[in-house]
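Trainee: Here's my sequence, what's the structure:
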Amino acid sequence: MPIYFGPTKQEKYIITLGIPSGYTVENLPSPLKINTEDEVFSFLFNSKYETDTIQIGVTIQVNKVLLPTSYYEMLKEFFQRTIEKQNEKIVLKKA
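Mentor: Numbering: from 1, shown residues only. Take a look at the predicted model:
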C-alpha cells in the first residue's frame, strides 16, 4: 500500500531555554539539515547559545501527499536520523 501523509505541510518549533546563573554551556547539538531523495521530506535543526539563553529551532517539511512503498526504507532512515538528532543532549557546567 502507498504511504499517505496527508496534505503537504511545514512544522516549525522554536524553543528558548534560560540558563541558570553560574552555569555555561559545555555541549550544544550542532546544526543539521537532512533532505530525502527528491526532497520529499526535509528536516532542519539549528541551535544557538547567547549569554544566558539557548535557542533550538526545528523545521520539518512534507512536500508530497502520497508515496509509493519503495520509499519506506528511505523514510525509516530519515525519521531515525531526525529522532537521534532531537535526542542529543545539552550539557551545562558550573562556571
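
Trainee: could you show me where the helices are in this structure, in order?
Mentor: For the chain, the helices defined by DSSP state H occupy 72-86.

Trainee: Do a quick rundown of the strands in it.
Mentor: Listed from the start of the chain, the chain has strands (DSSP state E) covering 3-4, 9-18, 23-27, 32-35, 41-50, 53-62, 66-67, 91-94.

Trainee: Give me the buried positions along the fifth one.
Mentor: When you say that, I think you mean strand 41-50. By neighbour count, and taking 16 or more other CB atoms under 10 Å as the criterion, the buried residues in strand 41-50 are Phe41, Ser42, Phe43, Phe45, Ser47. Quick note: C-beta positions are derived from backbone N, CA and C, even for glycine.

Trainee: Kindly reformat those residues as CSV containing distance to Ser30 and pLDDT.
Mentor: What follows is the buried residues of strand 41-50, written out as CSV (distance: CB to CB, whole Å; pLDDT from 0 to 100):
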residue, distance to Ser30, pLDDT
Phe41, 20, 94
Ser42, 17, 96
Phe43, 14, 97
Phe45, 8, 97
Ser47, 7, 96
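
Trainee: Dump those residues to TSV, plus distance to Ile14.
Mentor: TSV is the format used below for the buried residues of strand 41-50 (distance: CB to CB, whole Å):
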residue	distance to Ile14
Phe41	20
Ser42	17
Phe43	15
Phe45	12
Ser47	11
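
Trainee: What is the nearest of those residues to Gln86?
Mentor: Relative to Gln86, the closest of these is Phe45; by CB to CB it sits at 7.3 Å.

Trainee: Please look at that closest one and Gly57 and confirm they touch.
Mentor: Yes. Between Phe45 and Gly57 there is a contact under CB atoms under 8 Å: 7.4 Å.
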